[in-house]
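Asks: got a predicted structure here, sequence first:
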Amino acid sequence: MRRRHARPEEDTAIDMTPMLDIVFIMLIFFIVTATFVKESGIDVTRPDAETAVKQSRVGILIAIRNNNEVWINRRQVDLAAVRANVERLHAENPQGGAVIQADKEAMTGVLVEIMDQVRLAGVGSISIAAEEK
């Protein structure tokens, strides 16, 4: 008589480890390369404009409140410190421009002074935010 030897069952499960590694690497890649929408962190009543255009590359967002307070990255900044802050942010993202969100009630002199400080910091592209009509 022949004896039958019991064969050990082969493992037929699919190894998911390489697929999970690829998924996690792709997730990290998308998180690192994603462009996040920057918000000034304060409410500003922007003036209306018929020629308002949506800006795609915003590196620096500056807000001017109706009482002429200047805000950069959700922090209140003194007018004299605008240039230093903009230089630091421009070094982090040299391709991005600056957008100034000025309230309707803000003084034009403050807006012009901030635009001057931004230009002195080396940012060539400056936009002023407005609401579309």
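Replies: Thanks, I have the structure now.

Asks: biggest helix in the chain by residues?
Replies: In the chain, taking DSSP state H as the definition, the longest helix is helix 17-33.

Asks: quickly list what the closest residue to residue 125 other than its chain neighbours is bridged to.
Replies: Among residues not flanking residue 125 along the chain, residue 97 sits closest, at 3.0 Å (CB to CB, 6 or more residues apart in numbering). (Glycine included, C-beta is placed from N, CA and C.) As for beta bridges, residue 97 partners with residue 58 under DSSP bridges.

Asks: how close does residue 97 sit to residue 122?
Replies: From residue 97 across to residue 122, the span is 11 Å (CB to CB, to the nearest Å).

Asks: for those two, work out which one has more neighbours and name it.
Replies: When neighbours are counted by other CB atoms under 10 Å, residue 97 comes out ahead of the other of residue 97 and residue 122, with 18 against 12.

Asks: check what pLDDT the more buried one gets.
Replies: At residue 97, the model reports a pLDDT of 83.

Asks: and it, how far is that from residue 64?
Replies: According to CB to CB, residue 97 and residue 64 sit 17 Å apart.

Asks: what's the answer for residue 123, then?
Replies: Residue 123 is 16 Å from residue 64, by CB to CB.

Asks: and these two? Which one has more around it.
Replies: residue 64 (24 against 20).

Asks: quickly list what the more buried one is bridged to.
Replies: residue 70, residue 102.

Asks: against residue 115, how distant is it?
Replies: When residue 64 is compared with residue 115 (using CB to CB), they lie 11 Å apart.

Asks: residues that sit against both of those two, list them.
Replies: By CB atoms under 8 Å, 6 or more residues apart in numbering, residue 64 and residue 115 have these common neighbours: residue 100.

Asks: state whether residue 76 is indeed within a helix.
Replies: No. Counting by DSSP: H, G, I helix; E, B strand; the rest coil, residue 76 is not found in a helix; it is strand.
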